[in-house]
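# Here is a sequence together with a model predicted from it:
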Amino acid sequence: MTPITPSAVSVQDLQIRYGNATVINGLNLEIAPREFLVLLGPSGCGKSTLLNAIAGLNDVAGGQIHISGKNVTWAEPKDRGIGMVFQSYALYPRMSVEKNLTFGLRVAGMAKDEIARRLEHASKLLHLDQLLHRKPAELSGGQRQRVAIGRALVREVDVFLFDEPLSNLDAKLRNELRIEIKKLHQSLGNTMIYVTHDQTEAMTLADRIAIMRDGVIQQLATPAEVYHRPANLFVAGFIGAPAMNFISGQITADGQFTSGALSVPLRRSLPAGPATLGIRPEHITPGGTTLSGTVTVVEPMGADTVVWFDCAGQQMSLRVMGDSDLQPGQTIGATFDTAHASLFDAQGDRL
Amino acid sequence: MTPITPSAVSVQDLQIRYGNATVINGLNLEIAPREFLVLLGPSGCGKSTLLNAIAGLNDVAGGQIHISGKNVTWAEPKDRGIGMVFQSYALYPRMSVEKNLTFGLRVAGMAKDEIARRLEHASKLLHLDQLLHRKPAELSGGQRQRVAIGRALVREVDVFLFDEPLSNLDAKLRNELRIEIKKLHQSLGNTMIYVTHDQTEAMTLADRIAIMRDGVIQQLATPAEVYHRPANLFVAGFIGAPAMNFISGQITADGQFTSGALSVPLRRSLPAGPATLGIRPEHITPGGTTLSGTVTVVEPMGADTVVWFDCAGQQMSLRVMGDSDLQPGQTIGATFDTAHASLFDAQGDRL
Amino acid sequence: MSPIQSGPAPRKITIGRIGLYLFLISMVAFFALPLFVMLITSLKTDEEIRLARIFALPASLNFSAWATAWSGACAGTICNGVQAGFWNSIQITVPAVAISVMLGALNGYALSFWQPKGGKILFALLMAGALVPYQIFLYPMVRALASVSLYNSLPGIVLVHVLFGLPLVTLLFRNYFITLPVELFKAARIDGAGFWRIFFEIMLPMSVPMVVVAAMLQFTGIWNDFLLGLVFAGPDNLPMTVQLNNIVNTTTGSRAYNVDMAATMLTALVPLSIYFLSGRWFVRGIAAGAVKG
Amino acid sequence: MRFGKWRLRAAQLALSPTWLTVIVVYLGTMAWTVALSFTNSRLLPSWDWAGFAQYQRLFDTSKWNLALQNLVIFGVLYVFGCLVLGFLLAAALDRRVRFESAFRTLFLYPYAMSFVVTGLIWQWLMNPTLGIQPTFQGMGWENFRFDWVTNRTMAIYAVVLAGIWQGSGLVMVLALAGMRGIDAEQWRAARIDGIPVWRVYLSIILPQLGPAMAAAATLLSMGVIKTYDLVIALTKGGPGSSTEVPAKFIMDNMFQRQNLGLATAAAVVLLLSVVLVVAPFRYAAYITAKRRAGQL
Amino acid sequence: QDLPAEVFTSWTSGGEALAVEAIRTEFEARGGTWETASIAGFENANAAFQNRVIAGDPPTVRQSVLGLDAAELVESGLANSLQSVADAQNWAGVMAPSVLDSISYNGEIFLAPVGIHGESWMFYSMPVFEANGITAAPTTWDEFFAAMDTLQAAGITPIAWGGQAWQEAKVFNMVLLSQVGNEDFLKIFQEGDEAVLTSDAIVTALEIFGRLRDYVDAGAAGRNWNDATNMVIQGQAGVQFMGDWAKGEFANAGLIAGQDYGCALAPASTGMLFVADGFLMMKTGDAAQDAAQLLMAEVATDPAVQVAFAQAKGSIPVRTDVDTSALDVCAQQAMTMMNDGLFVPEHAITVTPDMVGQFTDFVGEYFADPSYDAASAAEDLADIFRR
Ligand SMILES: Nc1ncnc2c1ncn2[C@@H]1O[C@H](COP(=O)(O)OP(=O)(O)OP(=O)(O)O)[C@@H](O)[C@H]1O
Ligand SMILES: Nc1ncnc2c1ncn2[C@@H]1O[C@H](COP(=O)(O)OP(=O)(O)OP(=O)(O)O)[C@@H](O)[C@H]1O
Ligand SMILES: [Mg+2]
Ligand SMILES: [Mg+2]
């Protein structure tokens, strides 16, 4: 089953085992050329495993991997046309930045002037010109990060793989480098597959996000789609900070969602039964009587403020722009916009 | 110079040296009982040094430290009435959770039933009951964190010191535990001094924030005050993500701030001279003609979107609620609210 | 309110600190005493030695025993001291250390990163081999070496040392390499480097600290070896320890303790100076990963 | 099929000398030894089968039983003693003392010395007419006694003492490296908890040095079974047979007493007992490793 | 014709080397080429030598203790016969029968004897004896113990004791010989004669030997023989029982036999115990070396070489027909005894190395353990010979 328009990367029925444990079982994924795909998911869900399989660093127990239309399931990593950036950067500690960047090219026996050209291009682009003779130990975190990207860059390949490249950095640097990577993608136009478990990164960088759990892709869609129309409870809870508020209740035969005193009319008819309503904090506005409770914590974030309140024994959060004069202990009423709410069935799937 | 109402913690003319390098020189700080004070600042500014001095873990070269009215400048750490939570948690790896919590008490020769009482209290409060027999290696990051807090808790002291307790955790857990700590403070009512370089933590947790740079406190005020009325350019740039936008220009004699084509009337008369105007991204709204530029990066965060644009060669950012349909390359105009803008003089101090 | 104190705390000399230094000094005595006795004995004359006062200082500094030990003491009808063995020992030890460290590093690398089939069994057997007394290897090894005409030759004794050094060195390197991030290995694979290239250009340069540790342990072990040198080296390549034995160990002949001590110290000089000169690297190397079991 | 075929072949190729060593040298020799232990070989190997006669004689030989017993006493005390002293030395040097590197070198140098003559020196030092005893007695402590080497019941401890002198420096280096790797924040936490320094070392640091101590114990144990030079130099197995050890027993019977069959039987028994002692440990480690992996 | 010989010995110390030199000079003078391969210490030398045999690369000439030590090599056909040299040189006429016995295997001579060590010596310090009123060396054990008591009372260590099992075994042999006589001594060690082994004389010997413990200082255990000799030289101790090689130590200290120190037979000795070294000629498969071996046997037993060798090593020539005037008084006394047929081979010559080991272990154990009673010890001793 080869795709009709060749994908940059195509993963078919992939199966991966570690010893007896099957970590990925029958995964399919098509990534378009020039796409920025983010693999997002909790720790241990198999993100790195999948990425390593695409890179050719892991044994594949079944299925196929195609890159740029070629079946590379059993090809050597170097022959797959990929570059990879690791969480720990994996810079060669005894080599200078220059040697780190050109090691792969020298191994491949490339001509000297071509190596020099690529080195110059990458080091200009990443502002590494001044650092070429330093050892990795003499670089800051952000600089190491850039060298690691440079090492993928000089390979001039179509597909870049990133495995949590920012997670070792502090918050401020992470924010800065995130934007750098975004710009890099815009200027290079490569296909990028980017693993993270930081959702800000996922939201801001991705063309599409693949949300994984236990080796299975839960949803593969644009960031906005994932955020606003999560495919299931797991995705809904995983994306967004603070997390989406969930209210479990019933769908009644007369087209209402009820939970305790709360009753919300549905905009389309759905089969009756137990269900969960999900509302993001920013879609709840203070005032009104749909929800009511006691404020427990107020978190002023500067640009906005998150207010936590206790609603019929359940912690809920709402977000308002700017500061808020609400105080813990105060009772508040709130209302929400059903247009932005999500409904999930008893299995947790979106209705 | 003893304070009239005894502070929970009072630091007077503190001076700390490492070898020949003076890291802190004449620092003064008064912390009220039950206050939650956050020490915020970039790496290496002396936050940990100050905290360690208060805890008695650093030698003091000059000045005094009083805790609960007693001069403890030369007292042993254990005699200062403090508990401390470390960035790496510093749990004793080969002891069970129970032993970790009670080791200090047992060494002090406390009666068995008193130890048991405190253990029960702390483990209930922190939901550690089920974990008492595990070793730290068998705990998740959040659980370890709670044990580290528990170890401070059982000491039943008035002052808690936290040194970046959340910085080793991933984003999701960090958000959750932040709220836990806030609640803990609300229920215990201890004095807490909390070191971080994460500003979300600082903003949401603090009663007051002390922003440090090179061993000097730049501003000591409530989070709102720090965010909206930063004392100087450093504070303004340090707080807020994305950072405040700065426009350097002139204050003219006729009460205007001008920079290139931009000209903003001032609301009060200020001496003429070079100055910098600061505006937070959320106070810039698209539309209008005060500012104009080309969009470079659009970062949808889910609840809001950050738009970066190039304005007369300077990168500026604005934040809009929800999604935005702006695209990189598009030109936009924007305007801002002078009421929320800050002005700084040539020395960088707030005008 | 307590009296106001300011400025640095008065320096306290605590009981604990005094106890610490007392402990260290008594340990210095314990560790240095044998060396001290060896040194003063080597400087004594025969008459002073006959007085049998081992702690008495020599009446005068008399280095003749050292000269004798180095170049005059007899072993059989040849009176060349330990000097001939010195060169032999160098010729045996240097290649044996170099080869066993290289091979051990290679083993550790192959076992830890490539995890080939049977690797675990190989490692277990190797460790078991390290626990077997040498003596039982002698006859079959002699036979085997004789059959390939390596018996009683320099390459033969070097080979034997390499074979018996492998378990320890492999253990050190395997334990070191498993502490290195696998990403490094993966990155090199993506860069297209193969088995040998990764080893020589990335892993080996990174393991300098461990090379130092392994080389020092091996060097001491091989330099101080007596039995293997005696059996396998052959008359022309006998190491220094065998010559030392010939000087020190006599059944019906008389003994000169001053020469014995001087010869011993001369023999120990090379490993000792290596320890004194590169002790710092040794500690650093061990800290770099030998510790992690 | 994790890696491309020729690459895996490279790994196997790199390991092939070691495979050869293991199969030919270790396994081959062991098989040969086991076979010889069932023969009547005297000076030279002969294939004159004797069944279990050599084993029977071996266990009737009180000297061999004594040697095994001594090996256990020596092994346990030597390894334990080195670990304790090495740990104490490391802890002392960890306390930021002056001249640390001088102390460290001094404590480590015995490891570079061969036993041939250090044994002789220790024999002198512990000799009741030459060494430390008369010196102290001369200084007024008339009742001071330190005559281990000449005392049947104490001689094995004299061997242990000299062994500890040689081996504890290595443990010190390993332990010190381990201590330097421990998070400084644990020290701070302990100070806040008010835990005395010695208690921190005992209850907090020591348990964390497990891997370092295990590495040290492995290195030391490799030496224990081969212990020969030390005993020869120090006591020659005496007084009587009180410091006889298996390696010496094997060596004597092989090269002195023309009793190869008995020597090989002794080697086999020694090997079996080592395996019996080591196997449960390895198995336990294997099981814990599995369990831990399973939990992750 | 080149006659190369690689000579493997464990003679490495000064005096020993000098002795070997005597053979070597003559050997080379007669056209041989000498190559030394010496390893000190019997166990080390054996290890090196046996491994060379295993490898099929034996040295030309191997120093070997006379008697059963070399038996297996001879029986395995690894050695060359010297019968032709012995016949030509008339060894049977010039060597003591006990020596001849111990170089013959199944009636054929395989060893060339090079030197004999008398081992029944009691060396004593003449100044110490004189100072304590002991005028002559004691000749009975009663006299001996009386003399030792005198020394002990004077604060002198009576016996300079080398506390290593091999030394103790030699002392025990001296006591044993004094109790059972030459014939029965040989019966024990050659035949394991049950009657002698169960006789009271054995128990008495063990008792006398055990009594020696009382005259030994605290530092005796593990002591090297030369350190013990040194105690006599220094006047710290009265007597030392040792083989004649101890004379070398006295000589090194500038002491002269019969003037500064005395050499007497151990009390009540009925003969002179001896141990002897010879050259064993290994089969190398090389004709030149075979020829060299014959020359070596000839040279080593040459009368002049014999005297020079004995002089340097402190031993006794293997021939009865040499000029003894150059030898010291002790050696001359021993020669007389040899000519009188009073030489008794020690255990190393008459029993297998395995039994030597067991016997040595036994003596070491017995001496080290004062609670070991003589009767049960006699039983244990007999057991060794019953196996
Ligand atoms: N070499 C291995 N051997 C056995 N199991 C492994 C191995 N590597 C990973 N696993 C298991 O496979 C699963 C997926 O691991 P993977 O590293 O792909 O997770 P991840 O999503 O990258 O997590 P993280 O965010 O923590 O990096 C986990 O359960 C992990 O324990
Ligand atoms: N033990 C020390 N010896 C010498 N200088 C030190 C020591 N500890 C800290 N410093 C220096 O003191 C300054 C303040 O360090 P401190 O650890 O207090 O910073 P910090 O604000 O806690 O930084 P971070 O956010 O990285 O933890 C830094 O410049 C640091 O290099
Ligand atoms: Mg991962
Ligand atoms: Mg800090």
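Done, it's in. Numbering: from 1, shown residues only, chains lettered A, B, ... in the order given. Ligands and ions are numbered 1, 2, ... in the order given.
# which one is residue 160 nearest to, not counting chain neighbours?
Here I'm looking at chain A. Setting aside the residues directly before and after it, A:F160 is nearest to A:M192 in space (CB to CB, 6 or more residues apart in numbering or on different chains), at 4.6 Å. Where you see a C-beta, it was placed from the backbone N, CA and C, and this is true even at glycine.
# my bad, chain D
Nearest non-adjacent residue to D:V160 (CB to CB, 6+ apart): D:L77, at 4.6 Å.
# Go through the chain and flag its longest strand.
I'll assume chain A. Scanning chain A for the longest strand, with DSSP state E as the assignment, gives strand A:284-300.
# My question was about chain E, not that one.
From DSSP E, the single longest strand across chain E is strand E:272-281.
# and after it, which helix or strand comes next?
As assigned by DSSP states H and E, the chain's next helix or strand after strand E:272-281 is helix E:287-300.
# How about that following helix and chain C, touching?
No: interface with chain C: helix E:287-300 contributes nothing (CB under 8 Å from any CB of the partner chain), its closest point being 14.5 Å away.
# Mind listing what's buried along that helix?
The neighbour-count check on helix E:287-300 (16 or more other CB atoms under 10 Å in any protein chain shown) flags E:289, E:291-300 as buried.
# pLDDT-wise, which helix or strand of chain C ranks last?
helix C:46-50 (a mean of 78; mean pLDDT, DSSP states H and E).
# Against which helices or strands is that one packed?
Other helices and strands packing on helix C:46-50, by 3 or more CB pairs under 8 Å, 6 or more residues apart in numbering or on different chains; DSSP states H and E, are helix C:257-285.
# Tell me the buried residues in the helix it packs on?
Buried residues in helix C:257-285 (16+ other CB under 10 Å): C:257-268, C:270-272, C:274-275, C:279, C:281-285.
# What mean pLDDT does the helix or strand where the residue nearest to D:V160 lies get?
Secondary structure from DSSP H and E places D:L77 in helix D:62-94. Helix D:62-94 shows a mean pLDDT of 92.
# what is the orientation angle of the helix or strand that it is followed by with helix C:257-285?
Per DSSP H and E, the first helix or strand lying C-terminal to helix D:62-94 is helix D:100-108. Calculated by axes from the mean of the first three to the mean of the last three CA atoms, to 10 degrees, helix D:100-108 forms an angle of 130 degrees with helix C:257-285.
# what's the next secondary structure element after helix D:100-108?
Per DSSP H and E, the first helix or strand lying C-terminal to helix D:100-108 is helix D:115-126.
# that older thread, buried residues in the longest strand of chain A?
Those would be A:284, A:286, A:290-293, A:295-300, for strand A:284-300 by 16+ other CB under 10 Å.
# so E:R62 is in which element?
Using DSSP H and E, E:R62 sits in strand E:61-65.
# So which elements touch that strand?
By 3+ CB pairs under 8 Å, 6+ apart, strand E:61-65 packs against strand E:3-9, strand E:272-281.
# Would you give the sheet partners of that strand, along with the direction of each?
Take DSSP bridges as the rule and strand E:61-65 pairs in its sheet with strand E:3-9 (parallel), strand E:272-281 (antiparallel).
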